[in-house]
Every structure is written in structure tokens, then in C-alpha cells.
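Participant: The following block contains a protein sequence and its predicted model.
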Amino acid sequence: MRRRVGPGEDRRSPHPAFLEHEAPDRILLARSVWTGVDPALGPLRDAAVAIQGDRIVAVGPRDRVLGRRGPRTVIVDLGPGAILPGFVDAHVHLQAGGLDLYRVDLRGLRSRDEFLMRIRDRVGMAAPGSWILGGGWDHHGWGGTLPRREWLDEAAPSNPVFLLRTDLHVGVASTEALRLAGVDSSTPDPDRGTLDRDPATGELTGILRERALELISAVIPPPTEGERAGALQAAALHALRHGVTQVHDMGALQSSGESWASLEALRGLHAEGKLPIRVSVAVPLEDRMRLAHWVAEVGGGDERLRWGAVKAFVDGSLGADTAWFLEDYAHLPGHRGGPITDLDELRHGLEEASALGLQPIVHAIGDAANAWLVEVYEGLCRRYAGRDQRLRIEHAQHLNRDTIARMGVPGMIVSMQPAHLTDDGPWAESRIGPGRAEGAYAIRSLLEAGARPAFGSDWTVAPLDPRAALRAAVTRRITGVGEPGAWGPSQRLELGEALRAHTLDAARAAFLEGETGSLEPGKRADLAIARQCPFTLSPEALISDLEIRATFVDGALAWQDDADPLR
């Protein structure tokens, strides 16, 4: 593998001279081409993209591009379709997402009965005694009552069950799952975790929060090597179906060891030529020395698979009441959440990772968590002035004005997931009040402060579908409790701004903007082919009508709709 490109180096590969003179392999003709270079510019009309090998060699009016064709150039006319840069998802959990494609999906449920029915359906396909796993549930969908272990016992009397809430910071376990983990009413709360107890009896309800989740995950059998590889390949195909050509993998959810096992599986797939998308991998911050030694020994990968980032957490989530705020939760007087990691250890770990040349990637949800992290990052920016560190803040969901202003500096990357606002919008103000809600998902304010947000999904927390992020960022439309409406309409983005955040600026978060993220001569030919130009659709129709027809990675057709193949 090629060595990892170091900070501050030119990340665009030299444009081979022969590309200037040889005829392209393929020319794609489309009604519109959006290059992604300038978010203020709309698409080119009646344009074309020429590809030679794995590179784009020309973009522009079709007559001019067609002038470069040779006798062996394949011309593909996409008719009314559109060519976009391949989408970049800046925050996924790739192995977990692939595994979840085969597990219980509890998204969008509106009643306890629906919840139980989904579990019963899976039990009907499972062997007695085998684990029933899955997630995506949100108790606000059925009125706010948290599920209990008795619900799971009723639906799956012969199977241990463990189901994560949509934010991955809360889970519910059945009585059998708790028994296998050795957890009962006498078990103390682990450090920075909580076992919910019935206030009347003191018995466990089955709800586990933050680090308490590890008590259950520790006894769940890990996937086999074949299951890992299969899950990662399924996840990659799932990404390609949505026009996603590059993801930033935040690691497996079970443990540090599982994150490394996932990385090894990805390396194996890449070596065999079976990794069809680009993946930039992070491992837990606690493994920074191991990662630094590994990079020194084997390098940091190449433009298809790379590593060199470490992931950590400041706080939890809003839905779990574990996000860290400067003021009390509106519904829990005296409670502000708090860090789920020892802050002294976290600061030291981030300083050490940066000194080792690794890229820090840190989860921060509440305004206190983001303020603390920005202060740490400012220190790193001063200490390593002149180095291109790209210190990543993941989520940045709730911010005050001072923190927003401090995030707009070149050394920091704000990585956000707009689709989350459609989930949080119906109930967030009941937790944090209208004042702090003004700083929720403040994407427009961050842009105006000089930040260039990188968009992602946080799959499996939200679907791996860029259309959901685009619609959320452009409309701020929420549904659920009460009448549909826009949450924080002053923070809306223009479509070009949202597209760039999900392409070029997301690639920038992984030091890959010189190779990918826009359609420019010399860059890698990562393309999403849509049946319609997104700029001709209403914002509300972005999810329903923006359909991906095909996806190219490195100039090769990686996926296409079999019902409508390219000709």
C-alpha cells in the first residue's frame, strides 16, 4: 500500500501527462452536471464528463468534451439525468450498519404493539437461545414511555434480547440478556453509566445508559470473520445504492477489539479487490499508541482504504439525557448531563494523539461539551501552528454563539448529521427550552462564522441516505408530535451549500479533497448518476424523487439499477 499522505502535503495526485493527449475511455452525457466546485453555482446544462482510467479528464459543454473522443471511446447518453460528485458520508459505523441490515429494525414505530411485533417476527426466524439484536427505537414515537425488559420477555421468552435506541447511547435488555451478563438489582452502576431501576421496587427496568451498555455487549458473541466481511460488503453495496462513494468509519460499536477486527476485515477485502468504496477508518483514542506504531510500520493506507484517526467522546446524547449542557435540562431540574469520559484523561489523550500525528475525532453534543472541546482544540492549534491537523468535532448539535464563532477557524472540522434534527425537533425543546433550541444544528451560523461543515448520517443512528441530510438541511422540516413545521428556519441552507457539505467538504474532513469530492480534471472519477437534477426538484421532493441510477468509483461502474442499466 502507498504511504499515508502527511499533514500539509499536496493530496492531489499528479495529473498524468498522457491524459492530456489520449482519448478518454468513456464520455458521459447528461442534461445537467453539478461539479461541486462552487456551492453558489448551479449545474452545467447539456454537459459531459470524460473519464480516462480512474481520472476525470474533462468536464464541460458536451460538444467541447465530445471533441476529445477517439475510436474506442464509449459514449453513454444519460438522457435527462444528472451527474454529481459521489456523495461522501463523513460519519458512519460501517460494520454495525452492515450487521444491522440483517437485524431487527425498530425505526419509525408508533406503538408498543408495533415494537413487540417486530421482535416476534425476528424470533420466528431465530433458533431458541440465540441472541435477538437490533435497534433504532425511539420511545418518543409512542408517547415517551421507555421500553422495559418485561416487554422483551413477553415477545421473546426463549431468547436473550438487546436493542439499542436510535442514538446508540441507551439500550434495553431482556431478563435473559441481563442474566447472561451477570447483571441484577444488586449490580452497582458502572463508572459513567446507569442501570435504570424501578423507583417503587428497585428492580432493574432493563434500560441501560452509556457505559452500562458494555455490560451486555461484553457477553454477545462477536461476529465471525465471514460475518464481518459479509457485513462490510453489504454495507458498501448499501452505500453505493445511495450514490455514496466514500465513508468515514467511526469504528465498531461493541469494543476496541472489534474496531480493529473490522479494520483488518476491510484490509482483507481491499487486498482481494473486494472493497468497492473508499473508507477512512478511525479507532478508539485509547489505542493511539498502537495505531501510531502500526502507521509507522505499515503506513496509513491509500486512497481506497486509509487509517490514522482516533475517536473519542465528551458526552452522551440528548435523547438519553446524557448530553452535557451549561444549564439544567428543562424537564430535569438540577441535571445538566455531563462528560462520559474523564476530562483530564481525554485532554491528555487528545494532546498525545495530536503529537503522534494522528487526527482526533471527538463526539460532542451539548453546549458545554462543545465549549470544552473547542477550548482543547484551540490549544492544539496554537501548539502546532502551521500543521494541517483538521481537528474534528462530531455532531456539534447544540452550540452557543461564542462557541460557533470559535469553530470557524481553519484548524477545526465540524462534522454534522442534519437528518438528526428531524428526529430531535418534535421533542428537543421540552428538554432544553426554546433559548438553547436556537443553537440547535446551527449550520447556517457555522457557515457564516467561516466553518465548512462536513455532512454524514451517523448510520446506523440514521439511514445511510444523503437525501435525508439534504432535505433536512434545506427545509429544516420536522414531523411527529404536533403539526409539521420548520425547526430553526433561519438555519436553512441553499441546496448547493448542502450538496457541497456532503461531497467536497466531507472529503476535506479526511484529507481527501484533492482527490475526490468534486468533478474536476485530474480528480478521481467518483460519480453519482441521478435520474433527475436535484436543482429542478422541490426541497420536499429530494427524498422521494432524487433517485440514484448508477455509481462510479475510480472511473469504474460500481453499482447500477438493474431495472434501468446504463447503455
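Facilitator: Yep, that arrived.

Participant: quick one: the strands in the stretch 201-350 of the chain?
Facilitator: Along the stretch 201-350 of the chain, the stretches classed as strands by DSSP state E, counting those that start in this stretch are 204-210, 244-249, 278-284, 305-313.

Participant: and those, which is most packed in?
Facilitator: Most buried of the strands of the stretch 201-350 of the chain, by mean neighbour count (mean count of other C-beta atoms under 10 Å): strand 244-249, with a mean of 29. Yep, even glycine has a C-beta here, placed from its N, CA and C like the rest.

Participant: now residue 537: how far from residue 243?
Facilitator: 15 Å (C-beta to C-beta, to the nearest Å).

Participant: again but with residue 426, I slipped
Facilitator: From residue 426 across to residue 243, the span is 28 Å (C-beta to C-beta).

Participant: Same check on residue 79?
Facilitator: Using C-beta to C-beta, one gets 18 Å for the distance from residue 79 to residue 243.

Participant: Look at those two and report which has more neighbours.
Facilitator: residue 243 (28 against 10; other C-beta atoms under 10 Å).

Participant: surely that one meets residue 553?
Facilitator: No. Counting by C-beta atoms under 8 Å, residue 243 does not reach residue 553; the two are 10.8 Å apart.

Participant: anything in contact with each of these two?
Facilitator: Both residue 243 and residue 553 are contacted by residue 86, under the criterion C-beta atoms under 8 Å, 6 or more residues apart in numbering.

Participant: Can you give the domain ranges for the chain?
Facilitator: Following automatic domain parsing, one gets these domains for the chain: 17-85+521-560, 102-217, 225-508.

Participant: hmm, back to that, need the strands of the stretch 201-350 of the chain in CSV (columns: mean pLDDT and distance to residue 333).
Facilitator: CSV is the format used below for the strands of the stretch 201-350 of the chain (pLDDT from 0 to 100; distance: least, C-beta to C-beta, whole Å):
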stretch, mean pLDDT, distance to residue 333
strand 204-210, 95, 19
strand 244-249, 98, 38
strand 278-284, 97, 35
strand 305-313, 97, 25
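
Participant: which one of those strands lies closest to residue 267?
Facilitator: Of all the strands of the stretch 201-350 of the chain, the one in closest proximity to residue 267, counting by C-beta to C-beta, is strand 305-313 (6.6 Å).

Participant: and the closest one, what does it pack onto?
Facilitator: Strand 305-313 is packed against helix 256-271, strand 278-284, helix 288-298, helix 343-355, strand 359-364, with contacts defined by 3 or more C-beta pairs under 8 Å, 6 or more residues apart in numbering; DSSP states H and E.

Participant: Tell me which strands the second one pairs with, and in which orientation.
Facilitator: What that stands for is strand 278-284. When sheet partners are counted by DSSP bridges, strand 278-284 sits next to strand 244-249 (parallel), strand 305-313 (parallel).

Participant: first to last residue in stretch 418-434, what's the distance?
Facilitator: Stretch 418-434 has an end-to-end distance of 19 Å (criterion: C-alpha to C-alpha, to the nearest Å).

Participant: Show me what counts as buried in that stretch.
Facilitator: 418-429, 431-432 (16 or more other C-beta atoms under 10 Å).

Participant: try stretch 431-446
Facilitator: For stretch 431-446, the buried set under the neighbour-count rule, 16+ other C-beta under 10 Å, comprises 431-432, 436-446.

Participant: Report the mean per-residue pLDDT for that stretch.
Facilitator: In this model, stretch 431-446 has an average pLDDT of 93.

Participant: Show residues contacting that stretch.
Facilitator: Stretch 431-446 has contacts (C-beta under 8 Å, 6+ apart) with 318, 321, 325, 327, 329-331, 367, 396-401, 404, 407-408, 414, 416, 418, 420-421, 424, 428-429, 453, 473, 487-488, 490-493, 501.

Participant: make it 7 Å
Facilitator: Stretch 431-446 is contacted by residues 318, 325, 329-331, 367, 397-400, 404, 407-408, 414, 416, 418, 421, 428-429, 453, 473, 488, 490-493 when judged by C-beta atoms under 7 Å, 6 or more residues apart in numbering.

Participant: Which members of those residues are classed as buried?
Facilitator: If you count burial by 16+ other C-beta under 10 Å, the buried members of those come out as 318, 325, 329-330, 367, 397-400, 404, 407-408, 414, 416, 418, 421, 428-429, 453, 473, 488, 491-493.

Participant: Now name the helix or strand holding the residue nearest to the spatial centre of the chain.
Facilitator: For the chain, residue 91 is the residue whose C-alpha lies nearest the centre (C-alpha atoms, centre = their mean; 2.4 Å). Applying DSSP states H and E as the criterion places residue 91 in strand 87-92.

Participant: Measure how far the helix or strand following that strand is from the centre of its chain, please.
Facilitator: Later in the chain than strand 87-92, the nearest helix or strand by DSSP H and E is helix 94-100. With C-alpha atoms, centre = their mean, to the nearest Å as the basis, helix 94-100 stands 12 Å off its chain's centre.

Participant: List the contacts of helix 94-100.
Facilitator: Residues outside helix 94-100 that contact it (C-beta under 7 Å, 6+ apart): 134-135, 223, 228, 231-232, 234-235, 247, 249, 252-253, 262, 279, 459-460, 464.

Participant: Next up, the contacts around residue 173.
Facilitator: Neighbours of residue 173 in contact, by C-beta under 7 Å, 6+ apart: 149, 161-162, 206, 208, 216.

Participant: before we move on, the earlier item: quick one: closest of the strands paired with strand 278-284 to residue 274.
Facilitator: Using C-beta to C-beta, the nearest of those to residue 274 is strand 305-313, at 11.3 Å.

Participant: Now do the closest one against strand 359-364: the angle between them, please.
Facilitator: 40 degrees (axes from the mean of the first three to the mean of the last three C-alpha atoms, to 10 degrees).

Participant: can I get the CA coordinates of stretch 47-58 in CSV?
Facilitator: Below are the C-alpha coordinates for stretch 47-58, written out as CSV (Å, rounded to 0.1, in the frame of the first residue of the first chain):
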residue,chain,number,x,y,z
ALA,A,47,-22.8,18.9,-20.3
ALA,A,48,-20.5,15.9,-20.3
VAL,A,49,-17.8,14.3,-18.2
ALA,A,50,-14.9,12.4,-19.8
ILE,A,51,-13.0,9.7,-17.9
GLN,A,52,-9.6,8.1,-18.6
GLY,A,53,-8.7,5.3,-16.4
ASP,A,54,-9.6,6.3,-12.8
ARG,A,55,-9.5,10.0,-13.5
ILE,A,56,-11.7,12.8,-14.8
VAL,A,57,-10.0,14.4,-17.8
ALA,A,58,-12.7,16.9,-18.9
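
Participant: which regions of the stretch 351-500 of the chain sit below the pLDDT cut-off?
Facilitator: Along the stretch 351-500 of the chain, the parts satisfying pLDDT under 70 run over 479-484.
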